[in-house]
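I'd like to go over a predicted model; first the sequence, then the structure.
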Amino acid sequence: MSYADRNTSGSRVVAIVLVAIIVAGMGYAFVTGLAYQYIKKQAEKLNTFDVQEPPPPPEEVPPPPPPPDTPVPPPPTQIAVPPSVVQVPTPSPPIQTTPRIDIPQPPTTPPAPPAQPAPPPQPPAPPRIAKKLTPRGSPQSWVTDDDYPASALRAEQAGTVRFRLDVDASGKVTNCTVTGSSGVSVLDSTACNLLKRRARFNPAEDEGGNKIPAPYNGSFTWKIPS
C-alpha cells in the first residue's frame, strides 16, 4: 500500500514541473512576440517620416514704370520767412559834470588842552608842640623777660625791636609800627601787642595848652635770660 502511494506522489510532482515549464515557455513566447511587433511598428513609423524643406523666398519684382501720360506732381511750396528784427540798444545821452570848485576853508583852531586837575590841598601843618609827650611810669615795665615767647626761647632767638607808637590826646596808644625788625617775627609782634596794652603817656600840649596827639619812638631788646 505504501509503495503505491509513493508512485502516485512522484507522478504528481513530475506533472506539476512539466506544466510549469510549458506555462513559462508560452509566457516567454508571448512577451517576445509583443516586443517584436512594437519594434517593427516603430521602425515603420521612422521609414514613413518625410522631412520637408522650407520653400525658397519669393523673388522681388520691381514695380512697373508709370505710364507716359501721368502728370508729374509739382515741387513743394517754400514758405518765405520774414527776417528777424534785431533791436540795438540806444546809448544814453552823455552826462555833463561840472568841475568841483574847492572853497578855501578858514584855518581851524586846535582845541584847548584839558584843564589839569587841581592838586589836592596840602594837609594842615601839625600843631607846634609846646610840651612833649612823656611816658607814665617806667618804660622798662612795659615788656620784660617774663614775656619772652616760648617758641623763640626754645630756639634761642633774640634781637632788638625798634617801634613807633601813635598816642592820642588822652595819652592812649592807638597804633604800633615796627620801624626796625629784630629778625624774628614772633618777637616783633609780641613787643607791639604788649606796648599797645601797657604803655600809657602824658599827652603832649600845644602853645595854647591844648592836649594834642603825638608819636613816640623807642626800642626794646629781647635777651635770653641766663
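It's in.

contacts, neighbours, all on C-alpha from now
Will do.

need the helix or strand of the protein with the lowest average pLDDT.
helix 2-47 (a mean of 66; mean pLDDT, DSSP states H and E).

Can you tell me the strand partners of whichever helix or strand comes after that helix and which way each runs?
Downstream of helix 2-47, the next assigned helix or strand under DSSP states H and E is strand 129-131. According to DSSP bridges, strand 129-131 forms sheet pairs with strand 204-206 (antiparallel).

other SSEs contacting the helix or strand that the partner strand is followed by?
Under the assignment DSSP H and E, the closest C-terminal helix or strand after strand 204-206 is strand 211-212. Contacts defined by 3 or more C-alpha pairs under 8 Å, 6 or more residues apart in numbering; DSSP states H and E place strand 211-212 against strand 204-206.

Just the residues contacting the strand it packs on, thanks.
With contacts defined as C-alpha atoms under 8 Å, 6 or more residues apart in numbering, strand 204-206 is touched by 127-134, 169, 211-214.

That strand: which residues count as buried?
A204, E205, D206 (16 or more other C-alpha atoms under 10 Å).

Can I get the residues you listed in TSV including distance to G159 and pLDDT?
Shown next, in TSV, are the buried residues of strand 204-206 (distance: C-alpha to C-alpha, whole Å; pLDDT from 0 to 100):
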residue	distance to G159	pLDDT
A204	31	93
E205	34	93
D206	36	91
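
Show me which of these is closest to Q157.
Compare each of the buried residues of strand 204-206 with Q157 using C-alpha to C-alpha and the shortest gap goes to A204, at 36.3 Å.

Look at stretch 112-132 and report the distance between its end residues.
Terminal residues of stretch 112-132 lie 53 Å apart, using C-alpha to C-alpha, to the nearest Å.
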